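Undergrad: Prediction below, plus the sequence it came from.
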Amino acid sequence: MGRLIAAEWAKENSARAIDNRLLALWGATLQSATPGNQRLEVFDLVASDVRRLLSRELDKAAIADSRYDELLGLDSFGDF
């Protein structure tokens, strides 16, 4: 997963589907998840989102902490 993310993030800003905001959001979401099963759920959802972003099935504007809060039952601190 890291290689897919890094390869996309390394592109020109105007051409990439993964930006700094998404990296920060995913890191914060992983940190806010309870160790164990919830972190695995976060990883699985992020991995799915990465694949969908790269295939252009999902727009990066649709990804915010509220998305993960709702799908994973997390309580974050405001939209990224």
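TA: Nice, thanks for sending it over.
Undergrad: can you give me the helices in the chain?
TA: With helices called from DSSP state H, the chain shows them at 2-9, 20-32, 37-54, 65-72.
Undergrad: chain center to the last one, what's the gap?
TA: Pointing back at helix 65-72 there. Here the centre of helix 65-72 is set off from its chain's centre by 11 Å, with Cα atoms, centre = their mean, to the nearest Å.
Undergrad: Turn the helices of the chain into CSV, columns for mean pLDDT and mean neighbour count.
TA: (C-beta placed from N, C-alpha, C; glycine too.) Converted to CSV, the helices of the chain look like this (pLDDT from 0 to 100; neighbours: other Cβ atoms under 10 Å):
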stretch, mean pLDDT, mean neighbour count
helix 2-9, 93, 13
helix 20-32, 91, 16
helix 37-54, 94, 16
helix 65-72, 86, 16
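Undergrad: if I pick L53, what's in contact with it?
TA: 8, 17-18, 22, 60, 63 (Cβ atoms under 8 Å, 6 or more residues apart in numbering).
Undergrad: Turn the residues you listed into TSV, columns for distance to D75.
TA: Converted to TSV, the contacts of L53 look like this (distance: Cβ to Cβ, whole Å):
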residue	distance to D75
E8	29
A17	27
I18	25
L22	20
K60	23
I63	18
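Undergrad: For stretch 43-54, C-alpha coordinates in CSV please.
TA: Taking only C-alpha atoms (Å, rounded to 0.1, in the frame of the first residue of the first chain), the coordinates of stretch 43-54 have been written out as CSV:
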residue,chain,number,x,y,z
PHE,A,43,-6.3,0.1,7.0
ASP,A,44,-8.8,-1.9,4.9
LEU,A,45,-11.0,1.2,4.3
VAL,A,46,-8.0,3.4,3.4
ALA,A,47,-6.6,0.7,1.1
SER,A,48,-10.0,0.5,-0.6
ASP,A,49,-10.1,4.3,-0.9
VAL,A,50,-6.6,4.4,-2.4
ARG,A,51,-7.5,1.8,-5.0
ARG,A,52,-10.7,3.7,-5.9
LEU,A,53,-8.8,7.1,-6.0
LEU,A,54,-6.2,5.6,-8.4
